[in-house]
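Student: Fold the following, please.
(one chain, ligands or ions: 2)
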Amino acid sequence: MNHHELVSRIMDLKKETKTVIMAHNYQRPEVQDVADILGDSLELARLARELKEERILLCGVRFMAESAKIVAPEKTVLTPEEEAGCPMADMISAEDVRRLRKEFPGYLFMAYVNTSAEVKAEVDLCCTSSNALALVRKLKGEKIFFLPDKNLGSWIKDQTGADMEVWPGFCYVHNRIRLEDLEKGRAEHPGAEAIIHPESPLDVLKAADAVLSTGQMITYVREAQAKRFLVGTEEGMIYRLETLFPDRDFYPMGKRFTCENMKKITLEKVFQALLTGEKPINVDSETIRRASRSLDRMLEMSR
Ligand code: 13P
Ligand code: SF4
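Tutor: Numbering: from 1, shown residues only. Ligands and ions are numbered 1, 2, ... in the order given. Presented below is the predicted three-dimensional model:
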């Protein structure tokens, strides 16, 4: 099948099987192009619950599909590729959290959504890159154990002054962005505004014009006066921004950064998932019950 035939079969299958394709902003351009809904982690979780359709094909890494299943357990959530995981999510286990809870009594445990369903089941509250700061500000004075991203954790601590312990996990994609990349970009593209994802190192975050989730980057660009932007995040976001704002220029901060895990999802795998109904995400009911408390609390607090 050539590309054109593949796209047209996917469009037909979406209708025949009444499936909504939800895709994260880092997906391959051709996957973004067949998606019904594109978004960041918070938008995908929220919409997975609100959608009236009962069948979702979630094109993103595993924790995103799991989160959709946890917040909408009655729906069928399919993933085109079970092996598309997030290495940062694998840097902490449920067992680690149980041990930490004993070591840090009285702390509120807050997990970035980039964690497994089992880890979410052990914590008090979840957050995403778009609501982490606001949620911590609402917690006023609580002692917090933040996991697993040391960069997002350091940023929250720096911005809020919260009493926080931070687990030393990191994203191998964003953790490679350097201050020199930002400075070189500014020198090469005078007048460009530097927007960056909070999974990047703290010194680069502090030097940027805005620290934003992928969804917030869209709103920021829409409202900005600037015409050129240095983008400190995964390359899929540059395609997303270029598609939405063809009259603006977007440059990667340093080289183009790729999340190999997001890119494991291909158009061919999207087609196969729609055709066969494979592979449904299964999370056991007890884990759903426990993990939904921390995810629901997040959705409730970030209305
Ligand atoms: P967003 O929620 O900002 O899209 O981030 C998800 C992610 O995995 C970034 O690496
Ligand atoms: Fe995980 Fe980083 Fe990929 Fe996001 S970009 S899914 S945090 S590895």
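Student: Okay, helices next: where are they in the chain?
Tutor: Secondary structure of the chain, counting by DSSP state H: helices at 3-16, 29-34, 41-50, 62-71, 94-103, 117-120, 132-139, 150-160, 179-188, 202-207, 214-223, 236-244, 267-276, 285-301.
Student: by how many degrees do the longest one and helix 132-139 diverge?
Tutor: The directions of helix 285-301 and helix 132-139 differ by 80 degrees, with axes from the mean of the first three to the mean of the last three CA atoms, to 10 degrees as the criterion.
Student: Also the fifth one?
Tutor: With the same axes, to 10 degrees defining the directions, helix 94-103 sits at 30 degrees from helix 132-139.
Student: So which bits of this structure are right by ligand 1?
Tutor: By CB under 6 Å from any ligand atom, the residues of the chain that approach ligand 1 are 25, 40-41, 114, 128-129, 171, 197, 199, 213-214. All C-beta spots, glycine's among them, are computed from the backbone N, C-alpha and C.
Student: Show me which positions of stretch 52-68 end up buried.
Tutor: For stretch 52-68, a neighbour-count test (16 or more other CB atoms under 10 Å) marks 55-68 as buried.
Student: before we move on, what about stretch 36-43?
Tutor: 38-43.
Student: Between the two ends of that stretch, what distance do you get?
Tutor: 13 Å (CA to CA, to the nearest Å).
Student: now it: mean pLDDT?
Tutor: Throughout stretch 36-43, pLDDT has a mean value of 97.
Student: so how far is it from its chain's centroid?
Tutor: 9 Å (CA atoms, centre = their mean, to the nearest Å).
Student: Also stretch 114-127?
Tutor: That offset, for stretch 114-127, works out to 14 Å (CA atoms, centre = their mean).
Student: how about it as CSV, C-alpha atoms only?
Tutor: Extracted in CSV, the C-alpha atoms of stretch 114-127 (Å, rounded to 0.1, in the frame of the first residue of the first chain):
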residue,chain,number,x,y,z
ASN,A,114,5.3,10.2,33.3
THR,A,115,5.0,7.2,35.6
SER,A,116,3.5,3.8,35.5
ALA,A,117,-0.1,3.1,36.6
GLU,A,118,1.4,1.2,39.6
VAL,A,119,3.4,4.2,40.7
LYS,A,120,0.3,6.5,40.3
ALA,A,121,-1.5,4.0,42.6
GLU,A,122,1.0,4.7,45.4
VAL,A,123,1.0,8.5,45.3
ASP,A,124,-1.3,11.3,46.6
LEU,A,125,-1.5,13.5,43.5
CYS,A,126,-0.4,13.6,39.9
CYS,A,127,0.6,16.5,37.8
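Student: ok, so of the buried residues of stretch 52-68, who is nearest ligand 2?
Tutor: Ligand 2 has its nearest neighbour among the buried residues of stretch 52-68 in V61, at 4.5 Å by CB to the nearest ligand atom.
Student: ok, the closest one - contacts?
Tutor: Shown in contact with V61 (CB atoms under 8 Å, 6 or more residues apart in numbering): 24, 84-86, 89, 259, 261-262.
Student: Mind doing that once more with 7 Å?
Tutor: 84-86, 261-262 (CB atoms under 7 Å, 6 or more residues apart in numbering).
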